[in-house]
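J.: Predicted model and sequence below, questions to follow.
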Amino acid sequence: MWKKLLALTTCVLLLAGAACAQPKDLPVGPEVGQRAPDFELPDLDGNRHRLSDLRGKRVFLNFWATWCPPCRAEMPAIQEFVNAHGEEVVVVGINAQESPSTIAKFLEEGGYEWLQLRDEKGKVFADYLVRFIPTSLYIDELGVIRNKYIGPMDLQTLLKFTGIDS
């Protein structure tokens, strides 16, 4: 009887301890309020772009892939945003490891026209700890992350996310 009670008590304490444990050692990536890590990536033509070159401008950074249904679903809203607010906010797509021809074909078929960069080795995805796509960040003129969103956005969500709200 005592052995069963001791085993039960031990299990309860272990479960309670696990539930209360703080995952302090788990990396969380750059957070809202922190400076966005700089990176340099090629566009579809091989020209290199640095995030720091956009300092002084507001940036909507979108991690995506052509094979991702939620990513594909939000593309028309992003294009509508670019058409209406592309002068106010620089939109940058970062694609994970797909070929330039695959990306270009998808963009052309959809009529999507904003800067697309290729994260050939997945380093920027890793630096930003992007685990799910689409993941989007709004970066202010000083290079500070002001908002982060995981999942697809419609136009209203995107406007609110970037603080435009029109």
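T.: Cool, the structure landed.

J.: How about the contacts made by residue 137?
T.: With Cβ atoms under 8 Å, 6 or more residues apart in numbering as the criterion, the residues that contact residue 137 are 36, 59-61, 128, 145, 147-149. C-beta here means a position set from N, CA and C on the backbone, and glycine is covered the same way.

J.: any idea how far residue 132 is from residue 156?
T.: Taking Cβ to Cβ, to the nearest Å as the measure, residue 132 falls 21 Å from residue 156.

J.: again, but for residue 99
T.: The spacing between residue 99 and residue 156, counted by Cβ to Cβ, is 33 Å.

J.: Any stretches of the chain with poor pLDDT?
T.: Within the chain, the stretches with pLDDT under 70 are 1-28, 166.

J.: mind listing the helices for the protein?
T.: According to DSSP state H, the chain carries its helices in the segments 2-20, 69-85, 100-110, 123-127, 155-162.

J.: Which members of the contacts of residue 137 are positioned in strands?
T.: Among the contacts of residue 137, the subset assigned to strands under DSSP state E consists of 59-61, 145, 147-149.

J.: show me the contacts for the closest residue in space to residue 86 that isn't next to it in sequence.
T.: With Cβ to Cβ, 6 or more residues apart in numbering as the measure, residue 114 is the residue that lies nearest to residue 86, at 7.2 Å, once sequence neighbours are left out. Remark: with contacts taken as Cβ under 8 Å, 6+ apart, residue 114 is in contact with 78-79, 82, 86, 91-93.

J.: same question, residue 156
T.: With contacts defined as Cβ under 8 Å, 6+ apart, residue 156 has no neighbours.

J.: Next, work out how far apart it and residue 150 are.
T.: Distance, residue 156 to residue 150, using Cβ to Cβ: 17 Å.

J.: tell me the centre residue of the chain?
T.: If you average the C-alpha coordinates of the chain and look for the closest C-alpha using Cα atoms, centre = their mean, you land on residue 135, 2.8 Å from that point.

J.: wait, doesn't that residue sit right on residue 60?
T.: No. At 11.8 Å, residue 135 does not count as touching residue 60 under the criterion of Cβ atoms under 8 Å.

J.: Kindly tell me how buried the residue nearest to residue 116 when sequence neighbours are not counted is, as a neighbour count.
T.: In this structure, residue 116 finds its nearest non-sequential neighbour in residue 93, 4.5 Å apart by Cβ to Cβ, 6+ apart. Under the neighbour criterion other Cβ atoms under 10 Å, residue 93 is assigned a count of 24.
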